[in-house]
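Asker: sequence-free structure coming up:
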């Protein structure tokens, strides 16, 4: 009988050889595979991060649309806009724009519990104003659980508690990353002669109407991003200090009238206000450290400026309810023209 050669039918053996060859990867092959996988992960991570940020920015846009719609619903019911009520003296009763919008963002229960006879941080209101409200929060903004406090009891920034930790019952308030636009800072024209100061969409202590916005609703900014407050951020974004004693913006609480924005710009570093940089250099003037309160430059006003955690710009809501993403390189005179309500400036979409 003819013998069949085993060379055509190799058999496995317990030493991992098959047909005289070892099964598996060599060390070099394994290292090459690992290197290829690492490169692919490195290429995919930025794309994943960008996709996540795109989703967060989309949610931010939706939040601002909801707030813009609530302003229109408020107007239909009240026949005026929800400007903040803000007497100049410290310790007075103030009513913020966003408090007035509560019934129109499905938070009527909170509105019913709000006591208009005392300030937003008073004992009857703190259980309401300490509640986080998702519509007021940008999902790109860090530390959404951060808190704000009434500055009236503190004479300087160094008097502030180092961190705000919520006791029970609460004494601090929840925050917002959005702000009502109240106008252009009177100091800005001295920095840029092309800019005209003037009232914005929600001038404080008034009951303005759409008829006052003669520049047109589609040409006038209603709401701005000023994210991260009361923590102080500068370009990067970089958190200036983890201590509110050393670095904080006088603003942030969603119930505060001081969380409105009077637009002033800053220098590019974000350390000097006003200036020719429109947004994302800082989210506001630093009121930490030895700065006195009321602030010599602002009085009891807030110190916010436009700032977002999106790439290269911020969302803004216009008076007609539209929300647009404006690039941070926008010309300051163009942006200021969009802030003022009745200066008859000529601004086209191509300008921003």
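Answerer: Received, thanks. As the structure is a prediction and not an experimental result, all values here were calculated from the model. Numbering: from 1, shown residues only.
Asker: just to check, residue 103 is in contact with residue 113?
Answerer: No: contact between residue 103 and residue 113 fails when scored by C-beta atoms under 8 Å: they sit 11.7 Å apart. Quick note: C-beta positions are derived from backbone N, CA and C, even for glycine.
Asker: these two: who's more crowded?
Answerer: residue 103 (17 against 14; other C-beta atoms under 10 Å).
Asker: on the pLDDT front, check the more buried one for me.
Answerer: Reading off the confidence values, residue 103 has pLDDT 98.
Asker: low-confidence ranges in this structure?
Answerer: 1-25, 44-51 (pLDDT under 70).
Asker: which residue is nearest the centroid of it?
Answerer: For the chain, residue 227 is the residue whose C-alpha lies nearest the centre (C-alpha atoms, centre = their mean; 2.3 Å).
Asker: that one reaches residue 309, doesn't it?
Answerer: Yes: contact criterion C-beta under 8 Å: residue 227 and residue 309 qualify, at 5.5 Å.
Asker: shared neighbours of these two, anything?
Answerer: Residues touching both residue 227 and residue 309 (C-beta atoms under 8 Å, 6 or more residues apart in numbering): 138, 140-141.
Asker: and the residue nearest to the centre of the chain, how far is that from residue 136?
Answerer: According to C-beta to C-beta, to the nearest Å, residue 227 and residue 136 sit 11 Å apart.
Asker: hey, what's in contact with both of the two?
Answerer: By C-beta under 8 Å, 6+ apart, the residues touching both residue 227 and residue 136 are residue 177.
Asker: so in the protein, which helix runs the longest?
Answerer: helix 27-78 (DSSP state H).
Asker: starting at the chain centroid, how far to that helix?
Answerer: On the basis of C-alpha atoms, centre = their mean, to the nearest Å, helix 27-78 sits 16 Å off its chain's mean C-alpha point.
Asker: now swap in stretch 159-175 and tell me
Answerer: 20 Å.
Asker: now do the buried residues in that stretch.
Answerer: 160, 164, 171-175 (16 or more other C-beta atoms under 10 Å).
Asker: that older thread, contacting residues for the residue nearest to the centre of the chain?
Answerer: Counted by C-beta under 8 Å, 6+ apart, residue 227 has contacts 138, 140-141, 177, 233, 283, 307-309.
Asker: do me a favour and get the backbone dihedrals for it.
Answerer: When read as degrees, to the nearest 10, the backbone of residue 227 gives phi -90, psi 160.
Asker: measure it to residue 278 for me?
Answerer: Separation of residue 227 from residue 278 (C-beta to C-beta) stands at 15 Å.
Asker: likewise for residue 211?
Answerer: 28 Å.
Asker: residue 122 too?
Answerer: Distance, residue 122 to residue 278, by C-beta to C-beta: 36 Å.
Asker: neighbour count: these two, which is higher?
Answerer: The neighbour comparison of residue 122 against residue 278 (other C-beta under 10 Å) goes to residue 278, with 25 against 13.
Asker: thought that one was touching residue 264?
Answerer: No: taking C-beta under 8 Å as the definition, residue 278 is not a contact partner of residue 264, at 10.1 Å.
Asker: all strands of the chain, in order?
Answerer: 17-18, 21-22, 178-184, 198-199, 221-225, 233-234, 238-239, 261-263, 313-318, 323-327 (DSSP state E).
Asker: dump those to TSV, plus mean neighbour count and distance to residue 52.
Answerer: As requested, those are exported to TSV (neighbours: other C-beta atoms under 10 Å; distance: least, C-beta to C-beta, whole Å):
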stretch	mean neighbour count	distance to residue 52
strand 17-18	12	46
strand 21-22	9	44
strand 178-184	26	21
strand 198-199	20	38
strand 221-225	27	18
strand 233-234	23	20
strand 238-239	12	21
strand 261-263	27	27
strand 313-318	24	17
strand 323-327	17	17
